[in-house]
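K.L.:
Sequence and computational prediction follow.
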Amino acid sequence: MTPKREAATTAPAPTDGTRGTAAPPLLDATDVRTAFHTPRGAVRAVDGVSLTLSEGETLGIVGESGSGKSVLGRTLMGLITDGPGTTVSGTVRIGGKDVHALTPAGRRALWGTEVAMVFQDPMTSLNPVKKTGTHLSESLRLHLGLGRADARDRAVDLLRQVGIPEPARRAGQYPHELSGGMRQRVVIAMALACGPRLLIADEPTTALDVTVQKQILDLLRSLAEELRMATILISHDLATVAGRTDRVAVMYAGRLVEYADTAAVFDRPRHPYSSALIASIPRLDLPPHTLLPAIEGRPPNLLHPPAGCRFAPRCDTATDRCTTESPGLTAYAGERDAGGLVACHHPLGAAEEAAV
Amino acid sequence: MSVAALRRPALRLLELLGVLFIASIGVFSLVVLMPGDPAVDILGAGRAPSEYAALRTELGLDQPLVTRYLDWLGGALTGDLGRSVVPPQSDVTDRVLSALPVSFEIAALGLVIALLIAVPLAMWSAYREGSAADRIIGAGTFGVLSVPSFLAGLLLILVLVNSAGWFPRSEWVRIGDGDLLGNLHHAFLPALTVALAELAMFTRVLRGDLIVTLREDYILAARAKGMNPLRVLFTDALRPSSFSLVTLLGLSLGRLIGSTVVVEYLFSLPGMGTLIVNAAGQGDYPMVQGAVLTIAVIYVVINAGIDLSYGYLDPRTRRVHV
């Protein structure tokens, strides 16, 4: 456990001092676009997303199924690259390295050590024929060059660190012998194994029981703090992200519609879509059997996205301008939302604040 | 190991004995099903009825079927498969034991060659699914499959034996003679001929399973760890994808042992296929029975072994004891 922590905490330090100016962000993504070419045309799953993330910062990416958030996560990591059937453009820098300009071997050297991913479904993201310990020790041997015995010991340490009881025994078991929550802990340990500086958790709790979800989210949170790891938490559920991330990016149909401090978004959502998402979170202070407001309609087909604002067809406040002119992601004028960005022609609260 | 853990192999063994028992009945019934009268086959037509009757008594053919079956089975269990009814009336067990290693070697070596070619081809094909390489491998293996064994064998003999002179076409060298290299030298071409016929199927089956496996999340997760794609293919994808291939392998080995007649003929090998075909042609029913029973036993044992290997291939099929 201790050597692990050292590896993680000492790694980020040198980057601060070496540059004269402010340290570059850990993750810097500019105008990322990912399109899949199908026989029926190009599906633009991610359509011009820019993000930055500093050391130790946590970011939530929230959106409905099919909004492109998982594809974004995989593109940021470089798991999805430009190639046959897929077009990726824009730049993604992790620790200053342009992920998509690296050779495949260069990218592989980055994976596990700089950036790692926790996948959605622990039932399918562990190899059924490999022991849990092997899942961990193989990356330790690959990236850190540990010997067989050392890697095994470290694997057991990692399992203990993610809260698995009897880690030595569990390391010798196969994934099917573990519960879903335990497996997700193994997946998390696998991602943490080589001390990455950035962790991308892609719907890490969606496949788990409700009772286990909170445990896993809290574990991720505490590990990220303990290891000073920047985290991207991808979720379809705003409530998951609330209180666990510094910033949140709300994604709709391949684009960011709002990108601001988490507290600010919850306190005063600027985009009608964010507002509708927040309104659909069940609340305890409402009387029982209160109908939750649903967002009418369905997300657009990414083969033929609508012109203008993509949310316009489902938006109560849409005007003619919204259906013709696409809103850019711009800083909101109000003082209370320093650093907040919204892509909307008629951001919520604009009228009343203008009146004040 | 608990009692329960031992129970499964024990049950399997019992099941196996049952299958073998039924197989022995089937094999014995071949006598009844084989056309013609053994006595007539042996003595030829146009003898006095009393001569035929005497021979039948001598061979025990006048006994009831059940008695004959039990006699035969008792002999078989003690390793005595009887005597050939065709001069020189040699011992069936001896003949089977001399032919079996030849067939087994050709079949096993053929499968090894087929695997050595098919596994890398399938992996490449699956990894580059839909690419030109994939299509060429697909077309190529099917092209090879569509060439019948006698033609493939003949071509190999023409090119590699007659023209190039790389391989001998003389007498078969037994493994037991101590000349292992000489034996392999002789066995290689017939084994290759066998391999060519099996290759396409192995490649196709493994490719299909690999493609499904490569779409699994755990493959993406393994890649995301920064592992080399080749290593992911070998350590993460191959084993979970090999079920159909291993099953097919067991069936092929069992089948090939008795059915490489064409290859044996082309390369003049004294194998099981030749033994059975000759014996059947001469009405030598004890020889046919003995050879077929031996093959049946091997077939059942191989496939029981394959069943047990599933537990190694996929730990989920092992019984879990908490």
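P.N.:
Ah, there it is. As the structure is a prediction and not an experimental result, all values here were calculated from the model.

K.L.:
Kindly report the residues of chain B close to chain A.
P.N.:
B:216-218, B:220-229, B:235-236, B:239-240, B:313-316, B:320 (C-beta under 8 Å from any C-beta of the partner chain). Backbone N, C-alpha and C define where each C-beta goes, glycine included.

K.L.:
how many neighbours does residue 90 have?
P.N.:
By default, I'm working from chain A. 16 (other C-beta atoms under 10 Å in any protein chain shown).

K.L.:
Chain B, not that one
P.N.:
For B:Ser90, using other C-beta under 10 Å, the count is 14.

K.L.:
Relative to B:Pro101, how far out is A:Thr323?
P.N.:
Counting by C-beta to C-beta, to the nearest Å, the gap from A:Thr323 to B:Pro101 is 81 Å.

K.L.:
contacting residues for B:Asp307?
P.N.:
Contact analysis of B:Asp307 by C-beta atoms under 8 Å, 6 or more residues apart in numbering or on different chains lists B:Arg12.

K.L.:
if we go to 10 Å?
P.N.:
B:Arg12, B:Glu15, B:Leu16, B:Val246, B:Thr247, B:Gly250, B:Thr317 (C-beta atoms under 10 Å, 6 or more residues apart in numbering or on different chains).

K.L.:
could those be laid out in TSV, adding secondary structure and pLDDT?
P.N.:
Putting the contacts of B:Asp307 into TSV (DSSP: H, G, I helix; E, B strand; the rest coil; pLDDT from 0 to 100) gives the following:
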residue	secondary structure	pLDDT
B:Arg12	helix	78
B:Glu15	helix	86
B:Leu16	helix	87
B:Val246	helix	93
B:Thr247	helix	92
B:Gly250	helix	90
B:Thr317	helix	76
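
K.L.:
which helices and strands sit right next to the helix or strand where B:Asn183 lies?
P.N.:
Using DSSP states H and E, B:Asn183 sits within helix B:180-214. Helices and strands touching helix B:180-214, by 3 or more C-beta pairs under 10 Å, 6 or more residues apart in numbering or on different chains; DSSP states H and E, are helix B:92-127, helix B:132-145, helix B:149-156, helix B:217-224, helix B:243-258, helix B:261-266.

K.L.:
Enumerate the positions of the third one that are buried.
P.N.:
Neighbour counts using 16 or more other C-beta atoms under 10 Å in any protein chain shown place B:Ser149, B:Ala152, B:Gly153, B:Leu156 of helix B:149-156 among the buried residues.

K.L.:
what's it packed up against?
P.N.:
By 3+ C-beta pairs under 10 Å, 6+ apart, helix B:149-156 packs against helix B:180-214, helix B:261-266.

K.L.:
So what angle separates the directions of the first one and helix B:149-156?
P.N.:
I take that to be helix B:180-214. 120 degrees (axes from the mean of the first three to the mean of the last three C-alpha atoms, to 10 degrees).

K.L.:
For the buried residues of helix B:149-156, give me JSON lines that also has pLDDT.
P.N.:
JSON lines is the format used below for the buried residues of helix B:149-156 (pLDDT from 0 to 100):
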{"residue": "B:Ser149", "pLDDT": "81"}
{"residue": "B:Ala152", "pLDDT": "85"}
{"residue": "B:Gly153", "pLDDT": "84"}
{"residue": "B:Leu156", "pLDDT": "84"}
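
K.L.:
Make JSON lines from those residues and add distance to A:Ala101 to it.
P.N.:
Shown next, in JSON lines, are those (distance: C-beta to C-beta, whole Å):
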{"residue": "B:Ser149", "distance to A:Ala101": "53"}
{"residue": "B:Ala152", "distance to A:Ala101": "50"}
{"residue": "B:Gly153", "distance to A:Ala101": "54"}
{"residue": "B:Leu156", "distance to A:Ala101": "51"}
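
K.L.:
that older thread, from the chain's centroid, how far away is the helix holding B:Asn183?
P.N.:
13 Å (C-alpha atoms, centre = their mean, to the nearest Å).

K.L.:
and if you look at stretch B:303-316?
P.N.:
Using C-alpha atoms, centre = their mean, the offset of stretch B:303-316 from its chain centre is 19 Å.

K.L.:
can you pull the alpha-carbon coordinates of that stretch into PDB?
P.N.:
Taking Å, rounded to 0.1, in the frame of the first residue of the first chain, the C-alpha atoms of stretch B:303-316 are listed here in PDB:
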ATOM      1  CA  ASN B 303     -13.900 -37.200 -26.100                       C
ATOM      2  CA  ALA B 304     -14.200 -37.800 -22.300                       C
ATOM      3  CA  GLY B 305     -10.800 -36.200 -22.100                       C
ATOM      4  CA  ILE B 306     -12.100 -33.200 -24.100                       C
ATOM      5  CA  ASP B 307     -15.000 -32.900 -21.700                       C
ATOM      6  CA  LEU B 308     -12.600 -32.800 -18.800                       C
ATOM      7  CA  SER B 309     -10.600 -30.100 -20.600                       C
ATOM      8  CA  TYR B 310     -13.500 -27.700 -20.500                       C
ATOM      9  CA  GLY B 311     -13.000 -27.300 -16.800                       C
ATOM     10  CA  TYR B 312      -9.500 -26.000 -17.600                       C
ATOM     11  CA  LEU B 313     -10.600 -23.800 -20.400                       C
ATOM     12  CA  ASP B 314     -13.400 -22.200 -18.500                       C
ATOM     13  CA  PRO B 315     -13.300 -22.100 -14.700                       C
ATOM     14  CA  ARG B 316     -17.000 -21.400 -14.700                       C
END
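
K.L.:
tell me the average confidence for that stretch?
P.N.:
Averaging pLDDT along stretch B:303-316 gives 84.

K.L.:
buried stuff in that stretch?
P.N.:
B:Asn303, B:Ala304, B:Ile306, B:Asp307, B:Ser309, B:Leu313, B:Asp314, B:Pro315.

K.L.:
what do you get for stretch A:81-94?
P.N.:
Buried-residue list, stretch A:81-94, by 16+ other C-beta under 10 Å: A:Thr81, A:Thr86, A:Val88, A:Gly90, A:Val92, A:Arg93, A:Ile94.

K.L.:
give me the beta-bridge partners of the last one?
P.N.:
Beta-bridge partners of A:Ile94, counted by DSSP bridges, are A:Leu27, A:Lys97.

K.L.:
which ones are touching it?
P.N.:
A:25-29, A:53, A:76-78, A:102, A:107, A:110-111, A:114-115, A:196-198, A:230.

K.L.:
Relative to B:Arg316, how far out is it?
P.N.:
36 Å.

K.L.:
Same question for the first one.
P.N.:
Distance of A:Thr81 to B:Arg316, computed by C-beta to C-beta: 33 Å.

K.L.:
just the second one next, same as before
P.N.:
With distances defined as C-beta to C-beta, the gap from A:Thr86 to B:Arg316 amounts to 33 Å.

K.L.:
what about residue 202, how many neighbours?
P.N.:
Since you didn't name a chain, this refers to chain A. Quick note: A:Asp202 (other C-beta under 10 Å) scores 23 neighbours.

K.L.:
sorry, should have said chain B
P.N.:
24.

K.L.:
The one 10 residues further on too?
P.N.:
Residues near B:Val212, counting by other C-beta under 10 Å, number 13.

K.L.:
Could you verify my assumption that it touches B:Ser241?
P.N.:
Yes. Using C-beta atoms under 10 Å, B:Val212 makes contact with B:Ser241 at a distance of 7.4 Å.

K.L.:
Give the buried residues for the helix holding B:Asn183.
P.N.:
Buried residues in helix B:180-214 (16+ other C-beta under 10 Å): B:182-183, B:186-211, B:213-214.

K.L.:
and if you look at stretch A:261-274?
P.N.:
Applying 16+ other C-beta under 10 Å to stretch A:261-274 flags A:Asp261, A:Thr262, A:Ala264, A:Val265, A:Phe266, A:Arg268, A:Pro269, A:Arg270, A:His271, A:Pro272, A:Tyr273, A:Ser274 as buried.

K.L.:
Lovely, talk soon.
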